[in-house]
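*Asks:* what would the 3D arrangement of this be:
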Amino acid sequence: MSTTQFVCTSKCQVSEDFNLEEYLKSLADFIGNHVDDLSESITWLADMKYDDVISELEKYVKLNGREILINCDTEDDNDNTEIWDWLSDQVRQDVMISKFMTINSTTICSRNGVDPYHAFVLKDGGHIGPFEIECIIEQYLKMSS
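*Replies:* From the prediction side, this is the model:
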């Protein structure tokens, strides 16, 4: 029998006056008032009590100074990758002030080993993934030789 664990983080910079508690409240309000605008995979949050929605979101989001970190671990209590995706998109669109959001993830499979992933997501949703990073490195190496 094989097991698979998925661990992912997204992080970016927010303004100095960013208030995580207020932001999570605004997201809980949005969830309660805009069920039709949510992806089907997280509409169940709208069925929860307001404080429970906030508690659920708090499992995923941490603030360290001006850096916000959204994390997910399928072997922990923040194991819903759809919430992680949605929160990452909301933070990127709503409060990110840095030029990009850094995405790191790893799939750990007892049968196939470790599969890491690293990417950057721009404010407009543009994506710089492994292929683009490899091209940038190749161009740099050509220019520096």
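*Asks:* going forward, measure contacts and count neighbours with C-alpha atoms only.
*Replies:* Noted.
*Asks:* how about the closest residue to K59 other than its chain neighbours, secondary structure?
*Replies:* Nearest residue to K59, sequence neighbours excluded (Cα to Cα, 6 or more residues apart in numbering): N78, at 5.5 Å. Using DSSP: H, G, I helix; E, B strand; the rest coil, the structure places N78 in coil.
*Asks:* okay, now N78: neighbour count?
*Replies:* Neighbour count for N78, taken as other Cα atoms under 10 Å: 20.
*Asks:* distance of the residue nearest the centre of the chain relative to I54?
*Replies:* For the chain, the residue nearest the mean C-alpha position is S88 (3.4 Å; Cα atoms, centre = their mean). Distance, S88 to I54, by Cα to Cα, to the nearest Å: 16 Å.
*Asks:* do D47 as well
*Replies:* Taking Cα to Cα as the measure, D47 falls 13 Å from I54.
*Asks:* which of those two has more neighbours?
*Replies:* I54 (20 against 12).
*Asks:* can you pull the phi/psi pair for that one?
*Replies:* Main-chain torsions, I54, degrees, to the nearest 10: phi -60, psi -40.
*Asks:* also F6?
*Replies:* When read as degrees, to the nearest 10, the backbone of F6 gives phi -120, psi 130.
*Asks:* I'd say the residue nearest to the centre of the chain and L57 touch.
*Replies:* No: assessed by Cα atoms under 8 Å, S88 is found out of contact with L57, at 11.4 Å.
*Asks:* ok so, going back, pretty sure the residue nearest to the centre of the chain sits in a strand.
*Replies:* No: membership of S88 in a strand is not supported by three-state DSSP, which gives helix.
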